[in-house]
Each structure stands twice: as structure tokens, then as C-alpha cells.
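Peer 1: Here's my sequence, what's the structure:
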Amino acid sequence: GNNCTVEAGLYITAGAKVTMLNTKKKQNVKARELSGKNDLLFRRNSQTGEIECLKNKSAIQLNESLHSNN
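Peer 2: Residues are numbered from 1 along each chain as shown. Coordinates of the predicted model:
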């Protein structure tokens, strides 16, 4: 999806189990179910090793004038 952020060094395959943290209760889904969804933040929990996913509320917007190819 658009505006997604993946933690450096995190490798996500379609069958990887992902814990959704923005739901009322912890929900585990396969990564393929999140394909094409926008504004997600993927990170690895340093204590459990689980892949976690949050709604990315602080997505970085690039400055178009600095990143244009003239």
C-alpha cells in the first residue's frame, strides 16, 4: 500500500503472522491480508520477536520541490 513504513531489516513474507495492535483486542493475520492497505507501520517487537502492525499516523511526506527530477 501507499505510505507504509517497514522497520529496517524486517523481512515480511506473504505467510508471515502479523499482530494488529490498533484493534480492540490483539488480532493475528497473515501478511497477505494486509497487501494493498495504506498507512501501515510494521515493526518487530524486541522482546517477543512478533511482527506488529499499527496504523501509521505520522507518515513522512517528501518535499516535492526537493525530490523532483529536473
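Peer 1: And E52, its phi and psi?
Peer 2: The phi and psi values for E52, taken as degrees, to the nearest 10, are phi -110, psi 150.
Peer 1: just K17 next, same as before
Peer 2: phi -80, psi 130.
Peer 1: in which helix or strand would I find the nearest residue to it once chain neighbours are set aside?
Peer 2: Leaving out its chain neighbours, the residue that sits closest to K17 by CB to CB, 6 or more residues apart in numbering is N28, at 5.3 Å. (Each C-beta comes from the backbone N, C-alpha and C, glycine too.) Using DSSP states H and E, N28 maps to strand 27-30.
Peer 1: residues in contact with the next helix or strand after that strand?
Peer 2: Where DSSP H and E defines the elements, the next helix or strand beyond strand 27-30 is strand 40-44. The contact list for strand 40-44, computed with CB atoms under 8 Å, 6 or more residues apart in numbering, reads 1, 4-7, 10, 12, 18, 34, 50-56.
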